[in-house]
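> Please find the sequence and the predicted model below.
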Number of protein chains: 2
Amino acid sequence: MGIVLHELVGTDKSRPFSPHCWKTVMSLAHKGLPFDRNAVSFIDIPKLENGYSAKVPVVRDGEKLVADSFDIALYLEDHYPDRPSLFKGEGGRAMARFVEGYSQMILHPFLNLVVLMPVHDVLDTPNQAYFRESREQIFGRKLEDVAADRDSKRDAFTKSLAPIRKMLLSQPFIGGETPLFGDYIIFGAFQWARVLTPYELFDEGDPVADWFERCLDLHGGIARKVLAAA
Amino acid sequence: MGIVLHELVGTDKSRPFSPHCWKTVMSLAHKGLPFDRNAVSFIDIPKLENGYSAKVPVVRDGEKLVADSFDIALYLEDHYPDRPSLFKGEGGRAMARFVEGYSQMILHPFLNLVVLMPVHDVLDTPNQAYFRESREQIFGRKLEDVAADRDSKRDAFTKSLAPIRKMLLSQPFIGGETPLFGDYIIFGAFQWARVLTPYELFDEGDPVADWFERCLDLHGGIARKVLAAA
């Protein structure tokens, strides 16, 4: 029995968008492991695998279930040690947690604004109702009002990419000469936006955009095959 | 012939303050290597070791000279492989560049404001003249005017520590269970402020402050021995 990845979609099952699920797609591809993709909507997640997890990605590997993109990467690293490494050692494993902190606390808040209405718009009616209610409870405002802050915050977002730009002066990937899970953490965040909206995340000539393009080329272009939103 | 660290000081040679030099102090202590410290003022750096480097730290190890705190860490890692590792593998080595990017591009701009006048005030007259002229050229404003932005930018600085806070939910150090060079990169930035000014960098109860205290305890408390500025 092969590996199954349960991942989030809207009405178009061929356009998965969750940043966390994309981290896992890239992790599985990096390890060279074949896997089947099972498309799940927001409201179907709680029923998945007998209620195993409140969130996706969830990976089933034979009898074993693992949730959370970081835990899945650790699982793959430990259970497939002869495949290409996702961390290249104990230091890389620990420091990927710092990249995760940067991605989730610095990048995600802005990207959330960018994708909020686009996510809503790719869902069917029952999922739209769930999404609107749960998100409006978190933000304490209407989706449309939250999303309206997008343009005024774009400059700060561009500035907040400076750590990536500085790192790229030393090496082509966060993992060094070749990518590691740290790259996929940030890649997933940008791919989330790419799949959902034509909104331009990067200024022209930004080296971060070049790095993102390099990631889209990885593993047979598995992430590029889902075309950018038009 | 032992290792010599050339490091930046003001009039009080017992209170080195450069963030980059502190990274190297911690790197040498981490490796358990004995070293002598040679105090240098700003205007003496160009004459150091026959003009070897425009900046400190510079480390002399026998006949070998190395400048730049990251390059010194790499040198120590490669030349003292049997000592405790500063990177724990290739992934850790690469990802420390990302931590460096975050420290220099996100933390340093604010910390620069915090220490600008305090650095000026610990220098002798010729070094004050050099410091004021070179920094006012960079900023295009009077030192006093640049430093005045400090309080209005403190909230954004506090928010910008979120990646560290998130990482600390998973582990006590950037390096995992124990510190690595990635910890010393950010430690050096905060120690710069600690040695120069009593200005409170952290809000009460901030877990980042707890991490900083843990770093001050490392290696026999080598960094704590220089008391916080009063």
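Structure received.
> Chain B contacts on chain A?
A:85, A:87-102, A:104-106, A:160, A:162-167, A:170-171, A:173-177, A:180, A:182 (Cβ under 8 Å from any Cβ of the partner chain). All C-beta atoms are positioned from the backbone trio N, CA, C, and that covers glycine.
> got a list of what A:M26 touches?
A:183-184, A:187-188, A:215, A:218-219, A:222-223 (Cβ atoms under 8 Å, 6 or more residues apart in numbering or on different chains).
> Next step: those residues restricted to helices.
Secondary structure from DSSP state H places A:183-184, A:187-188, A:215, A:218-219 of the contacts of A:M26 in helices.
> now, the most widely separated pair of these?
A:G188 and A:H219 (13.7 Å; Cβ to Cβ).
> Please check the residues of chain A next to chain B and keep the buried ones.
A:85, A:87-102, A:104-106, A:160, A:162-164, A:166-167, A:173-176, A:180, A:182 (16 or more other Cβ atoms under 10 Å in any protein chain shown).
> Tally up the residues packed near the nearest residue to A:P34 once chain neighbours are set aside, please.
Spatial nearest neighbour of A:P34, excluding adjacent residues (Cβ to Cβ, 6 or more residues apart in numbering or on different chains): A:G2 at 5.9 Å. Neighbourhood size, A:G2 [other Cβ atoms under 10 Å in any protein chain shown]: 10.
> How about A:D12?
12.
> Ramachandran coordinates for it?
phi -90, psi 100 (degrees, to the nearest 10).
> so what's it up against?
A:V122.
> can you check A:S103 too?
Per Cβ under 8 Å, 6+ apart, neighbours of A:S103: A:185-186, A:188-189.
> Could you look up the SS state of A:R15?
Recorded secondary structure, A:R15: coil (DSSP: H, G, I helix; E, B strand; the rest coil).
> actually A:D36, not the one I wrote
Quick answer, by three-state DSSP: A:D36 is strand.
> Specify the beta-bridge partners of it.
Beta-bridge pairing for A:D36 (DSSP bridges): A:V4.
> remind me which residues of chain A are low pLDDT?
Judged against pLDDT under 70, the low-scoring parts of chain A cover residues A:1.
> All the helices of chain A, residue numbers only.
Under DSSP H, chain A gives helices at A:19-30, A:69-79, A:90-102, A:108-121, A:125-139, A:143-147, A:150-160, A:162-168, A:181-196, A:207-221.
> Adding distance to B:K153, write those helices out as a markdown table.
Putting the helices of chain A into a markdown table (distance: least, Cβ to Cβ, whole Å) gives the following:
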| stretch | distance to B:K153 |
| --- | --- |
| helix A:19-30 | 29 |
| helix A:69-79 | 32 |
| helix A:90-102 | 19 |
| helix A:108-121 | 19 |
| helix A:125-139 | 26 |
| helix A:143-147 | 25 |
| helix A:150-160 | 13 |
| helix A:162-168 | 15 |
| helix A:181-196 | 25 |
| helix A:207-221 | 24 |
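> And those: which comes nearest B:F35?
helix A:90-102 (23.3 Å).
> and that closest one, what does it pack onto?
helix A:69-79, helix A:181-196, helix B:90-102, helix B:162-168, helix B:181-196 (3 or more Cβ pairs under 8 Å, 6 or more residues apart in numbering or on different chains; DSSP states H and E).
> If we use 7 Å, what do you get?
helix A:181-196, helix B:90-102, helix B:162-168 (3 or more Cβ pairs under 7 Å, 6 or more residues apart in numbering or on different chains; DSSP states H and E).
> and those as a markdown table, adding distance to B:L65?
Below are these laid out as a markdown table (distance: least, Cβ to Cβ, whole Å):
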| stretch | distance to B:L65 |
| --- | --- |
| helix A:181-196 | 32 |
| helix B:90-102 | 21 |
| helix B:162-168 | 33 |
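> Out of these, flag the one nearest B:D124.
Taking the helices and strands packed on helix A:90-102 one by one with Cβ to Cβ, helix B:90-102 is closest: 31.1 Å.
> ok, and what's touching that closest one?
A:87-89, A:91-92, A:95-96, A:98-99, A:102, A:163-164, A:166-167, A:170-171, A:174-176, A:180, A:182, B:70, B:87, B:163, B:174, B:180-182, B:185-186 (Cβ atoms under 7 Å, 6 or more residues apart in numbering or on different chains).
> What residues sit buried inside stretch A:181-190?
For stretch A:181-190, by 16+ other Cβ under 10 Å, it's A:181-190.
> Extract the C-alpha trace of that stretch and format it as CSV.
The C-alpha trace of stretch A:181-190 is given here as CSV (Å, rounded to 0.1, in the frame of the first residue of the first chain):
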residue,chain,number,x,y,z
PHE,A,181,12.6,21.4,4.1
GLY,A,182,13.4,25.0,5.1
ASP,A,183,12.9,26.1,1.5
TYR,A,184,9.7,24.2,1.2
ILE,A,185,8.3,26.0,4.3
ILE,A,186,8.6,29.4,2.6
PHE,A,187,7.8,28.0,-0.8
GLY,A,188,4.5,26.7,0.4
ALA,A,189,3.5,30.2,1.7
PHE,A,190,4.2,31.8,-1.7
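> what does it rub up against?
A:19-20, A:22-23, A:26-27, A:73, A:86-87, A:96, A:99-100, A:103, A:107-108, A:111, A:173-175, A:201, A:212, A:215, B:95, B:98.
> tally of neighbours for the nearest residue to A:K153 once chain neighbours are set aside?
In space, and not counting its chain neighbours, A:K153 is closest to A:F110: 5.6 Å by Cβ to Cβ, 6+ apart. By the criterion of other Cβ under 10 Å, A:F110 has 20 neighbours.
> Need the contact partners of stretch A:141-160.
Residues contacting stretch A:141-160 (Cβ under 7 Å, 6+ apart): A:106, A:110, A:113-114, A:116-117, A:120, A:132, A:135-136, A:139, A:203.
> right, and out of those, which lies closest to chain B?
Chain B lies nearest to A:I106 out of these, by Cβ to the nearest Cβ, at 6.2 Å.
> Hmm, that closest one is touching B:P163, no?
Yes: contact status for A:I106 versus B:P163: in contact at 6.2 Å, counting by Cβ atoms under 7 Å.
> For A:T125, grab the count of nearby residues.
8.
> In contact with it: list those residues for me.
Applying Cβ under 7 Å, 6+ apart, no residues qualify as near A:T125.
> Alright, that wraps it up for me.
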